[in-house]
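In: With the sequence up front, the predicted model follows.
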Amino acid sequence: MSDVEQRLAAMEARLRRLEDEQAITRLILSYAPLVDSGCDRQVAELWEEDGVYDVDEIYMQGRDQLSGMVRSRNHQNWISGGCAHFAGPPHITLDGDEATAVCYTLMIVNTPDGFTVRRATANHWHLRRGTAGWKAVNRINRVLDGRTESPDLLASHFPEAVRHRPA
Amino acid sequence: MSDVEQRLAAMEARLRRLEDEQAITRLILSYAPLVDSGCDRQVAELWEEDGVYDVDEIYMQGRDQLSGMVRSRNHQNWISGGCAHFAGPPHITLDGDEATAVCYTLMIVNTPDGFTVRRATANHWHLRRGTAGWKAVNRINRVLDGRTESPDLLASHFPEAVRHRPA
Amino acid sequence: MSDVEQRLAAMEARLRRLEDEQAITRLILSYAPLVDSGCDRQVAELWEEDGVYDVDEIYMQGRDQLSGMVRSRNHQNWISGGCAHFAGPPHITLDGDEATAVCYTLMIVNTPDGFTVRRATANHWHLRRGTAGWKAVNRINRVLDGRTESPDLLASHFPEAVRHRPA
């Protein structure tokens, strides 16, 4: 293999990693504007056919349950009252055709007294590349209200990380 | 055209798309630190000469109106009182020398009772590449307080997306 | 030098800049999930051995002080009560093996009355590439409560920017 061939192949692999991370970021950042505008089918299609969205308040599996949540009276009331599922930038770790990501979200709700932060949550995504591109396999969402599983979820994204446990 | 030539050209095009997206992200993320520090000219120069910033509370066209807003007593009072125009990461769609982006912003204001979320808003940007690089042509900002145009704005960034309309 | 050689070298340099920016973004975005889960050593290792984290409420230098802050009773109480150090996307400026970045953070705290925004802050990072990759040399964090140094810090990231000073 020539030097030029080696350098071309190395760059193609590096480019692909950058593009993969970009595609995953776009997928994750699509969730909020789609869910806050009630685009039920497009929300569901961010997941694989039988993907899981595991929120402490509700567990959904498969696209019917995902789109059903968006069409539910409960969710429609958030939209008609005023609501932002504000997402922070994801921290992504690629591993070939699989990836994980951690990010924070804030659920901001309009109330008679103004906007309030209803929930601040830890999110952990597991994603996979298939024939239709990157899709979510599993997303776990846990509110940061002091329950141990929420910081556990944040730390789980960093394989070397060890939580300090006060005596 | 040789195989090497083809691969070089393909990679140059892919690199350019990544760099374009990065440049647009930097432009959008410049807005908050420049406006929260009152850098009136640099805020205005994020837009094209006759660019539009269409906020539900105020409509601005052209750099004089943009920089005037930053110098206004109203805006200066936000700065001296304590204020953050907190922006989420933009979701960008490139189309050659044009691009659109959707992102959320929170206007966080310091009050005698602590920090409050004054506004949670949907933002839609239209950008164009010119001789001075990427600039904003139009930015629309609508508060997510339940008015229909705000989720409409979020959905408009996704051409295939269809909003569920409750019966 | 051949045309192919020139194009390969130019692309390798462009790729490296994109990867550098990505690595720095990952470092900055690691802080919140590591600190909110109390991973004291991993938080400290985001900085160089004698790196500085200069918060208006506390000044830390060196990894012992950084990890000590995470293990402190004060910080552990934030975790056990429920807390999110929500970070916005960083705006990064590369300069070879050095870089600076500006970003916003919100400290969201769970209280008996729900989640509140305890602090909205301006952050300025100085980073350096060493044998162990990119590390923070210095991070300055100033609350946006109206004090002049906070908007000054935001503007300092933009060398050409000039703050409007009301008469």
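Out: Yes, it's here.

In: so how far is stretch A:117-125 from its chain's centroid?
Out: 10 Å (Cα atoms, centre = their mean, to the nearest Å).

In: Residues touching it, excluding its own?
Out: A:28, A:87, A:90, A:99-109, A:136, A:138-144, A:150-151, A:153-154, A:156-157, B:117, C:33, C:36, C:82, C:84, C:86, C:108, C:110, C:114-117 (Cβ atoms under 8 Å, 6 or more residues apart in numbering or on different chains). For every residue, glycine as well, the C-beta is placed using N, CA and C.

In: pretty sure A:Met107 belongs to a helix, no?
Out: No - with DSSP: H, G, I helix; E, B strand; the rest coil as the criterion, A:Met107 is strand rather than part of a helix.

In: you'd agree it is up against A:His85?
Out: Yes - counting by Cβ atoms under 8 Å, A:His85 is a contact partner of A:Met107 at 5.8 Å.

In: picking that back up, in helices, which of the contacts of stretch A:117-125 fall?
Out: Of the contacts of stretch A:117-125, the ones assigned to helices by DSSP state H are A:28, A:150-151, A:153-154, A:156, C:33, C:36.

In: which regions of chain A lie under the pLDDT threshold?
Out: Counting by pLDDT under 70, the ranges of chain A that qualify are A:1.

In: Longest strand of it, counting residues only.
Out: strand A:114-130 (DSSP state E).

In: How about the secondary structure of A:Glu160?
Out: Secondary structure assignment for A:Glu160 (three-state DSSP): coil.

In: Over to stretch A:56-66 now: how far is its first residue from its last?
Out: For stretch A:56-66, the separation between the terminal residues is 15 Å (Cα to Cα, to the nearest Å).

In: quick check, that stretch touching chain C?
Out: No - shown here: stretch A:56-66 not in contact with chain C (Cβ under 8 Å from any Cβ of the partner chain), separated by at least 12.5 Å.

In: Report whether that stretch contacts chain B.
Out: No - applying Cβ under 8 Å from any Cβ, one finds stretch A:56-66 separated from chain B by no less than 12.4 Å.

In: Identify the residues contacting that stretch?
Out: Counting by Cβ under 8 Å, 6+ apart, A:40, A:43-45, A:47, A:49-54, A:68-69, A:141-143, A:147 sit against stretch A:56-66.

In: try 7 Å this time
Out: A:43-45, A:47, A:49-50, A:52-53, A:69, A:141-143 (Cβ atoms under 7 Å, 6 or more residues apart in numbering or on different chains).

In: For A:Thr93, which residues are in contact?
Out: For A:Thr93, the contacting residues are A:99-100, A:157, by Cβ under 7 Å, 6+ apart.

In: Let me know the closest of these to B:Ile24.
Out: Among the contacts of A:Thr93, A:Ala99 lies closest to B:Ile24 (Cβ to Cβ), at 23.4 Å.

In: how about the residues of chain A near chain C?
Out: A:4, A:7, A:11, A:14-15, A:18, A:21, A:88-89, A:91, A:102, A:104, A:106, A:116-117, A:119-120, A:144-146, A:151, A:154-155, A:157-158, A:160-164, A:166 (Cβ under 7 Å from any Cβ of the partner chain).
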